[in-house]
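>>> Predicted coordinates and the sequence they were generated for:
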Number of protein chains: 2
Amino acid sequence: MRKKEGNKEQAILNAAIQVFAQYGYHKAKVTDIAELAGVATGSVYLYYENKEALLTTIFEQLWQAYTAVLRETVKRTDIDPLQKIDAIVDLFFSMFISNPSLALVFVNEHHQLVKNKRGTVAKYFAGFLELAEEIYREGVRKHLFDASIDVRIFRDFLTGGMRNVLRQWADHATTTPLDRIRDNVKHFIKHGLIKR
Amino acid sequence: MRKKEGNKEQAILNAAIQVFAQYGYHKAKVTDIAELAGVATGSVYLYYENKEALLTTIFEQLWQAYTAVLRETVKRTDIDPLQKIDAIVDLFFSMFISNPSLALVFVNEHHQLVKNKRGTVAKYFAGFLELAEEIYREGVRKHLFDASIDVRIFRDFLTGGMRNVLRQWADHATTTPLDRIRDNVKHFIKHGLIKR
DNA sequence: TTTTATAGTGAATGACAATTCAGCTGTGTA
DNA sequence: TACACAGCTGAATTGTCATTCACTATAAAA
């Protein structure tokens, strides 16, 4: 028998994140990923079925971690819906703070994975949207949130906005610290643009 | 001499919008675009330098029309900054109301065109962001807008949110009419989620 | 030490699709 | 009628990778 030389599976996945972030999924070459990971091209296919499997694995791991915590948060009865929205936003940004490349892959390739409604990633995302809607309805029931907003428009605007601020941060990682962005987003979601 | 048979240039561009919208730029085949336009594959290259030129032409025409009107709006002194924000949103959505495919191309391919900071499209977009920031600062000066929001975060959240609600509309064109989405977005931008 | 099973390699293969170009077509002109 | 010439064609060319697989290396077992 031959021993495995270190954790190639993880090294390849990390390399994939870097290369996908830099070139985008479609222009990224499997050979470049292998080279960055320090393995031969063929080794990628020992651990992952094909190029697409690299992308889906990245997203599945991310969503699994995110939704596990979110479900717990939504269930809680000791915090109000407003604090739940805050928790969603906090948690979302916290997943990327130490990994701007992961953020870029997430925002740039999100759509093509969700487009395929059969995939695991689409199911995770649908579950996430359902949670967001639930919180919104809870907020309306408790007379905290503005009832005149359409739930779907609210959630789509929110997710689109968050993806885009995350992208800007990841593209120019040095400019504005992520926690400042996070606090601004939370404030804007609650109060909008107009001075109170 | 031989006469040109109808407006192939425009037919090809329209076909490109359809095919890009359906498959995404990277998976779209030039041959499919030619077939849909009712011309031979080679004819595409009589009118456009390459596949990418199709995409940039679509965006340049769109941005040219949008920014021309926007510049006029921002200059106006008879309306307040709030009404200017409304005008930006109204105009943005109105450009797509009769063409969901164009909306899909716009939201899905926007980023790869802006990434290349040298291109014409990136310049149009930078100009647009500058206008948005200007309106925001005018609103703060006039004590209408909340001064605690970071301009860049405001504009990034706004553009990301608008792109995403537009995408949802274009993907399921029958569900919610675009003018209802537009009004919800305007309301949310102004007042946020919390009941007043 | 030899055998064997698994890990890893990277050049070769094959598929796919952007782009080209040699030739065909139709129209105006002489 | 015949020539010229721009418009148009689509099969052939070409480049680019994703994926494969015949081969090598290594470590445990015999």
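Thanks, I have it. Every value quoted in this text rests on a predicted model; they were computed, and no experiment measured them.
>>> can you tell me which residues contact A:Leu55?
Taking Cβ atoms under 8 Å, 6 or more residues apart in numbering or on different chains as the definition of contact, the neighbours of A:Leu55 are A:16, A:20, A:25, A:105, A:109, A:113. Using the backbone N, CA and C atoms, a C-beta is placed for each residue, glycine as well.
>>> Show me what counts as buried in the helix or strand A:Leu166 falls within.
Secondary structure assigned from DSSP states H and E places A:Leu166 in helix A:151-171. Using 16 or more other Cβ atoms under 10 Å in any protein chain shown as the burial criterion, the residues of helix A:151-171 that qualify are A:152-170.
>>> ditto for stretch A:41-53
The neighbour-count check on stretch A:41-53 (16+ other Cβ under 10 Å) flags A:43-44, A:47-48, A:51 as buried.
>>> With stretch A:104-120 instead?
Under the neighbour-count rule (16+ other Cβ under 10 Å), stretch A:104-120 has A:104-109, A:112-114, A:119 buried.
>>> of those, closest to A:Glu72?
Lowest distance from A:Glu72 to the buried residues of stretch A:104-120 (Cβ to Cβ) belongs to A:Phe106, with 21.5 Å.
>>> so who does that closest one touch?
Applying Cβ under 8 Å, 6+ apart, the residues contacting A:Phe106 are A:59, A:62, A:96, A:163, A:166.
>>> Quick one: name the residues of chain A near DNA strand C.
Selection of chain A residues close to DNA strand C by Cβ under 7 Å from any atom of the strand yields A:1-6, A:8, A:39-43, A:45-46.
>>> Secondary structure added to those, as CSV?
As requested, the residues of chain A next to DNA strand C are exported to CSV (DSSP: H, G, I helix; E, B strand; the rest coil):
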residue, secondary structure
A:Met1, coil
A:Arg2, coil
A:Lys3, coil
A:Lys4, coil
A:Glu5, coil
A:Gly6, coil
A:Lys8, helix
A:Val39, coil
A:Ala40, coil
A:Thr41, helix
A:Gly42, helix
A:Ser43, helix
A:Tyr45, helix
A:Leu46, helix
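>>> and those residues near DNA strand D, which?
Residues shared between the residues of chain A next to DNA strand C and the neighbourhood of DNA strand D are A:1-3, A:41-42, A:45 [Cβ under 7 Å from any atom of the strand].
>>> what's around A:Lys84, how many residues?
One way to gauge burial is a neighbour count; for A:Lys84, by other Cβ atoms under 10 Å in any protein chain shown, it gives 22.
>>> same question but for A:Glu134, I mixed them up
14.
>>> With adjacent residues omitted, what lies nearest to it?
With sequence-adjacent residues excluded and distances taken as Cβ to Cβ, 6 or more residues apart in numbering or on different chains, A:Glu134 is closest to A:Val74, at 6.2 Å.
>>> That neighbour: neighbour count?
17.
>>> how close does it get to chain B?
Counting by Cβ to the nearest Cβ, to the nearest Å, the gap between A:Val74 and chain B amounts to 16 Å.
>>> Pull the contacting residues for that residue.
Taking Cβ under 8 Å, 6+ apart as the definition of contact, the neighbours of A:Val74 are A:84, A:131, A:134-135.
>>> my guess is it is in a helix, correct?
Yes. For A:Val74, which was evaluated using three-state DSSP, the result is membership in a helix.
>>> still on that earlier bit, of the contacts of A:Val74, which belong to helices?
Secondary structure assignment (DSSP state H) places A:84, A:131, A:134-135 from the contacts of A:Val74 within helices.
>>> B:Ala147: which of the buried residues of stretch A:41-53 is nearest?
Within the buried residues of stretch A:41-53, the smallest distance to B:Ala147 is 47.6 Å, found for A:Lys51 (Cβ to Cβ).
>>> contacting residues around the closest one?
Applying Cβ under 8 Å, 6+ apart, one finds that A:Lys51 lies in contact with A:28, A:30.
>>> let's see 7 Å
Residues counted as contacts of A:Lys51 (Cβ atoms under 7 Å, 6 or more residues apart in numbering or on different chains) are A:Val30.
>>> I'd like the distance between it and DNA strand D.
When distance is defined by Cβ to the nearest atom of the strand, to the nearest Å, A:Lys51 is 4 Å away from DNA strand D.
>>> Let me know how buried A:Gln18 is, in neighbour terms.
The number of residues packed around A:Gln18, counting by other Cβ under 10 Å, is 19.
>>> That one reaches A:Leu36, doesn't it?
Yes. Using Cβ atoms under 7 Å, A:Gln18 is in contact with A:Leu36, at 6.1 Å.
>>> What values do phi and psi take at A:Gly192?
phi 70, psi -160 (degrees, to the nearest 10).
>>> Distance-wise, check it relative to DNA strand D.
43 Å.
>>> what do you get for A:Ala122?
Computed as Cβ to the nearest atom of the strand, the A:Ala122 to DNA strand D distance reads 20 Å.
>>> Would you agree that residue is in contact with A:Val114?
Yes. Taking Cβ under 7 Å as the definition, A:Ala122 is a contact partner of A:Val114 at 5.0 Å.
>>> low-scoring pLDDT stretches of chain A, where are they?
When residues are selected by pLDDT under 70, those of chain A lie in A:1, A:5, A:173.
>>> can you pull out the helices in it?
With DSSP H, the ranges of helices along chain A come out as A:8-23, A:30-37, A:41-47, A:51-75, A:81-94, A:100-115, A:120-141, A:151-171, A:178-191.
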